[in-house]
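[1] with the input below, show me the fold.
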Amino acid sequence: MLTFQKLAQPQSLAEAYEILTAQKNNFLLGGGAFLRLGSAKRGTAVDLSACELNYIEANEEEVRLGAMASLRDLETSLSMRQLGCGVASQAVSHIIGVQFRHSVTVGGSVFGRFGFSDLLPALLVLEASVHLYKGGIVPLAQFMEQPPQKDILTQVVIPKGACRASYQQMRTSCSDFPLLNMAAAETDGVWKIAVGARPGRAALAIQAAAALDAGVAPEEAARLAAAELSFAGNNRASEAYRRQLCEALTVRAVKEVLACK
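    Residues are numbered from 1 along each chain as shown. Prediction:
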């Protein structure tokens, strides 16, 4: 289990950043839901609860998810349920139980870039961007490829548009981590496909999406997605099985998007 020596609850982002960068082993706590996944001993845990980041706001152009908004907030938000056929709300609804989703934060899920994340594939196909306290605005797809950094994710911003999307996943049991998950979306004739739990970080299948733009069948796009992305085996599933799942779930997702009104 990850342990720490002190807990800091700053009243502003400036104070939080100062504490975070004061020592190398200080870190952001987030919702604290995944502390048991680590075994390191750290210095000060920075809790952002008092920094007024627990919000979900929408206007005519975008939806803004504050870093301390919970996955349950996201799941039940009317704005999110109306965005992209509710793909992000549907994705997080599979995570363990309601009580757990109340404790997991949007910021912690995104900034952690966990390979098992259900949320990240959905946000990738929705073309989300992250707002960092020091790093500014970064497209999520670019942020996913960056190395770990000392910064604070303040919010996730998702543009509104005529987007149709679908989320698919496979689990051994309803309370387990996904063996593989993915999302597909079409916006004004342009496709996005993202695959996660490979078991690495979620990544975009660029060639497969371009093929869909050109009008290929869902089955051909699925084969391209399984071929262009890397997969690996672990104690949950083999590399070959994950590649097969990628094909099957991609076909299912694309067909669901095409049927979405």
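
[2] in this structure L249 contacts M170, no?
    Yes. Judged on Cβ atoms under 8 Å, L249 makes contact with M170 at a distance of 6.7 Å. The way it works is simple: take the backbone N, C-alpha and C, and place the C-beta from them, glycine included.

[3] where in the stretch 151-261 of the chain is pLDDT low?
    Applying pLDDT under 70 to the stretch 151-261 of the chain flags the ranges 261.

[4] what sits in contact with each of L249 and M170?
    L180, N181 (Cβ atoms under 8 Å, 6 or more residues apart in numbering).

[5] of the two, which one has the most company?
    Taking other Cβ atoms under 10 Å, L249 and M170 do not tie; L249 has more neighbours (24 against 17).

[6] nearest spatial neighbour of that one, skipping sequence neighbours?
    Spatially, and ignoring its direct neighbours in sequence, L249 is nearest to Q168 (4.1 Å; Cβ to Cβ, 6 or more residues apart in numbering).

[7] quick one, what contacts the one you found?
    So Q168 contacts N181, M182, A183, L249, T250, R252, A253, E256 (Cβ under 8 Å, 6+ apart).

[8] helix or strand for it, which one?
    Using DSSP states H and E, Q168 maps to strand 163-171.

[9] partner strands of whatever helix or strand comes next after that strand, parallel or antiparallel?
    Downstream of strand 163-171, the first helix or strand assigned by DSSP H and E is strand 178-187. Strand 178-187 pairs in its sheet with strand 163-171 (antiparallel), strand 190-196 (antiparallel), by DSSP bridges.

[10] got the CA positions of strand 178-187 in PDB?
    Output of strand 178-187 as PDB, limited to C-alpha atoms (Å, rounded to 0.1, in the frame of the first residue of the first chain):
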ATOM      1  CA  PRO A 178     -11.200  -4.600 -17.800                       C
ATOM      2  CA  LEU A 179      -9.300  -7.100 -19.900                       C
ATOM      3  CA  LEU A 180      -9.700  -4.600 -22.800                       C
ATOM      4  CA  ASN A 181     -11.800  -1.500 -23.300                       C
ATOM      5  CA  MET A 182     -12.300   0.800 -26.200                       C
ATOM      6  CA  ALA A 183     -14.400   3.600 -27.600                       C
ATOM      7  CA  ALA A 184     -15.300   4.800 -31.100                       C
ATOM      8  CA  ALA A 185     -16.900   8.100 -32.200                       C
ATOM      9  CA  GLU A 186     -17.900   9.800 -35.400                       C
ATOM     10  CA  THR A 187     -18.200  13.600 -35.600                       C
END
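
[11] now the helices for this structure?
    13-20, 71-76, 78-81, 87-92, 98-103, 106-112, 119-125, 140-144, 206-213, 218-228, 239-259 (DSSP state H).

[12] could you check the angle the longest one makes with strand 163-171?
    In terms of direction (axes from the mean of the first three to the mean of the last three Cα atoms, to 10 degrees), helix 239-259 departs from strand 163-171 by 150 degrees.

[13] what's next to helix 239-259, contact-wise?
    Taking Cβ under 8 Å, 6+ apart as the rule, helix 239-259 contacts 85, 164-170, 179-186, 191, 193, 195, 197-199, 205, 208, 212, 218-219, 221-223, 225-226, 229, 231-233, 237.

[14] do the same with the second one
    Outside helix 71-76, the residues within contact range by Cβ under 8 Å, 6+ apart are 54, 56, 65, 80, 88-89, 92-93, 95, 98, 101-102, 104-106, 109, 119.

[15] which of those count as buried?
    The neighbour-count test (16 or more other Cβ atoms under 10 Å) marks 54, 56, 65, 80, 88-89, 92-93, 95, 101, 104-106, 109, 119 as buried among these.

[16] can you dump the C-alpha atoms of stretch 236-250 in PDB for me?
    The C-alpha coordinates for stretch 236-250 follow below in PDB (Å, rounded to 0.1, in the frame of the first residue of the first chain):
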ATOM      1  CA  ARG A 236      -5.600 -11.300 -16.700                       C
ATOM      2  CA  ALA A 237      -5.300 -12.000 -20.400                       C
ATOM      3  CA  SER A 238      -2.800 -13.000 -23.100                       C
ATOM      4  CA  GLU A 239      -1.600 -10.700 -25.900                       C
ATOM      5  CA  ALA A 240      -3.400 -12.800 -28.500                       C
ATOM      6  CA  TYR A 241      -6.700 -12.700 -26.700                       C
ATOM      7  CA  ARG A 242      -6.500  -9.000 -26.300                       C
ATOM      8  CA  ARG A 243      -5.900  -8.600 -30.000                       C
ATOM      9  CA  GLN A 244      -8.900 -10.700 -30.700                       C
ATOM     10  CA  LEU A 245     -11.000  -8.700 -28.300                       C
ATOM     11  CA  CYS A 246      -9.900  -5.500 -30.000                       C
ATOM     12  CA  GLU A 247     -11.300  -6.700 -33.300                       C
ATOM     13  CA  ALA A 248     -14.600  -7.900 -31.800                       C
ATOM     14  CA  LEU A 249     -15.200  -4.900 -29.700                       C
ATOM     15  CA  THR A 250     -14.200  -2.400 -32.500                       C
END
